[in-house]
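**Q** below are the sequence and a predicted model; questions follow.
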Amino acid sequence: MFINEGDAGDEYTFCPPLEQVVVTNKSVDANIWIEQSETYSCLNIRFTMKVPEVSDRDKRAEKYVDLTVEERIYLYPKVPRIDLDINVDNRAKNHRLRIAFPTGLEVKYSYSDTHYYVIKRPTTPPKGEGWHESPPLDHQLLHWVDISDGRKGVMVATRDLHEYSVDANGTLYITLLRCVDSVGKSDLLTRSGEFNLSIPTPDAQCIGKFNFQLSIIPHKGDWKKENVFREALNFAIPLLACITDKHKGELPHKGGLLTIEPNDVIVTSVKKAEKDEAIVLRYYNASEDVIDSRIKLNLLKGRIKEAFKAKLSEENIQKVQIRDNEKLTLKCNPWEITTVKLYK
């Protein structure tokens, strides 16, 4: 479901007008058609919502404008996701547009990833007594957010969308657009006090056409069960392909540079070192447990003479034994970031 509401806030804080008007696509007629092939199936949905043209501190305008949405919902063989490609033509100002996924799950917490960590947040906010700003209902994500009742759950992965919220009914919201007219405003309903930075931001009204990409990943258990978050990363950080010329080489038709286990280990980069010719492998332990990370060199077998555990600055700390020319084991503390340097 798509939800449109007035936003009298600024670039920092959402704030509803005193008289809020919420518009959804629940009763809007839509054009729907299906594409099918051997490689994918796609459900196309196109509709136009009528939304108030603008909002101010008091209310939303009585004049309405068109907000057109085009959805392409993809299913691929053997891919356990539902991928969404959404185009929005925005003509309204001072409003917020969100997409909602009513899961029906009874959830007490949400989980979202950030840099080298997964944040657990209660779905019921604190009372915020004496706070200058209302306790936030909207939170940040890097690549994915997940909710679960312990038996089953829903993860939503995004590309370049970083705000979500969850309500008491288990509905998960992802913010698509926040359209505002100022960097900062004073005495908002959601934030009291002076804000001395009321600079107009006409471009922040986000007038025009926008494309959004999300993926829905239903699963058993929680976000760690069967490492469903890896599927989210597959969507959020897709492979990049490039074309090269025809040339000779030693590589087999199939293979991998290296593998790393267990699944709790998330690789964040494989690159050349900044100051020498080493290969840098960086990863982190995405769990609350102490684990042994096991690296197998695969295509690099026999090509690496020594390995070192290093700092983030790539200064070597200690030498790591390479067993059978291909195996390395390093102990990882909960959420620890590990850097390994491999010398050819």
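**A** Yep, that arrived.
**Q** list the contacts of the most centrally placed residue in the chain.
**A** In the chain, the C-alpha closest to the average C-alpha coordinate belongs to His143, at a distance of 2.3 Å (Cα atoms, centre = their mean). With contacts taken as Cβ atoms under 8 Å, 6 or more residues apart in numbering, His143 has the following neighbours: Asp113, Ala157, Thr158, Ala232, Leu233, Ala236, Ile237. From N, CA and C alone the C-beta is placed, and that goes for glycine too.
**Q** can you tell me which of the residues you listed is closest to Val65?
**A** Distance ranking of those against Val65, using Cβ to Cβ, places Thr158 first at 26.5 Å.
**Q** mind checking how far that closest one is from Ser215?
**A** Relative to Ser215, Thr158 is positioned 8 Å away (criterion: Cβ to Cβ, to the nearest Å).
**Q** how about Gly193?
**A** Using Cβ to Cβ, one gets 39 Å for the distance from Gly193 to Ser215.
**Q** for Glu106, give me its contacts.
**A** Listed by Cβ under 8 Å, 6+ apart, the contact set of Glu106 reads Asp149, Gly170.
**Q** repeat for Arg282
**A** Val267, Thr268, Ser269, Val270, Leu312, Ile337, Thr338, Thr339, Val340.
**Q** want to throw those into a markdown table with distance to Ile147, pLDDT and neighbour count?
**A** As requested, the contacts of Arg282 are arranged in a markdown table below (distance: Cβ to Cβ, whole Å; pLDDT from 0 to 100; neighbours: other Cβ atoms under 10 Å):
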| residue | distance to Ile147 | pLDDT | neighbour count |
| --- | --- | --- | --- |
| Val267 | 26 | 91 | 14 |
| Thr268 | 25 | 91 | 14 |
| Ser269 | 29 | 92 | 9 |
| Val270 | 32 | 94 | 14 |
| Leu312 | 32 | 94 | 9 |
| Ile337 | 27 | 97 | 16 |
| Thr338 | 29 | 97 | 21 |
| Thr339 | 33 | 97 | 22 |
| Val340 | 34 | 97 | 22 |
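**Q** mind listing what's buried in stretch 29-47?
**A** Burial within stretch 29-47, assessed by neighbour count using 16 or more other Cβ atoms under 10 Å, is assigned to Cys42, Leu43, Phe47.
**Q** Arg98: which of the residues you listed is nearest?
**A** Set against Arg98, the nearest of the buried residues of stretch 29-47 by Cβ to Cβ is Phe47 (15.9 Å).
**Q** show me which of the contacts of His143 are buried.
**A** By the neighbour-count criterion of 16+ other Cβ under 10 Å, those include these buried positions: Asp113, Ala157, Thr158, Ala232, Leu233, Ala236.
**Q** correct me, but the fifth one touches Ile266?
**A** What it means is Leu233. Yes. Between Leu233 and Ile266 there is a contact under Cβ atoms under 8 Å: 7.4 Å.
**Q** contacting residues around the nearest residue to the residue nearest to the centre of the chain once chain neighbours are set aside?
**A** Excluding the flanking residues, the one nearest His143 by Cβ to Cβ, 6 or more residues apart in numbering is Ala236, at 3.9 Å. Ala236 sits next to His143, Trp144, Ala157, Thr158, Arg159, Ser215 when contact means Cβ under 8 Å, 6+ apart.
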